[in-house]
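[1] could you look at this predicted model? Sequence included:
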Amino acid sequence: MDGSLLYLTTAFALIFVIEGLLYAIFPSHIQKMMEMASQLPEKNFRSLGVLMLTTGVFIVWILQKL
């Protein structure tokens, strides 16, 4: 498997591990957060998504430079 494909696959797997762990440990808190999120305007979701995307790209860029 190509190195970059391996890193990408590993990153996706870690997302599932972290989210699964949170759902397993804090199911009631996750449900409450989902209820709160469903009441937020779409604009807030979009802004949060852009912020997370930018932060993630920046972190990956920094890691590549190390």
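    Perfect, thanks for sending it.
[2] low-scoring stretches of the protein, by residue?
    Counting by pLDDT under 70, the chain has low-confidence residues at 1.
[3] mind running it again at 90?
    1-8, 11, 37, 45, 59-61, 63-66 (pLDDT under 90).
[4] distance of the residue nearest the centre of it relative to Leu21?
    Note on the chain: the residue nearest the mean C-alpha position is Ile15, at 6.4 Å, using CA atoms, centre = their mean. When distances are taken as CB to CB, to the nearest Å, Ile15 and Leu21 turn out to be 11 Å apart. Backbone N, C-alpha and C define where each C-beta goes, glycine included.
[5] against Ala37, how distant is the residue nearest to the centre of the chain?
    18 Å.
[6] please apply the same query to Gly56.
    Taking CB to CB, one finds Gly56 at 19 Å from Ala37.
[7] same deal with Ile18?
    From Ile18 to Ala37 the distance is 18 Å (CB to CB).
[8] same question, Lys43
    In terms of CB to CB, Lys43 sits 13 Å off from Ala37.
[9] the two: which is more packed in?
    Using other CB atoms under 10 Å as the criterion, Lys43 and Ala37 rank with Ala37 on top: 11 against 8.
[10] and the more buried one, which helix or strand is it part of?
    Assigned by DSSP states H and E, Ala37 falls within helix 27-38.
[11] centre of the chain to that helix, how far?
    Computed by CA atoms, centre = their mean, to the nearest Å, the separation of helix 27-38 from the middle of its chain amounts to 16 Å.
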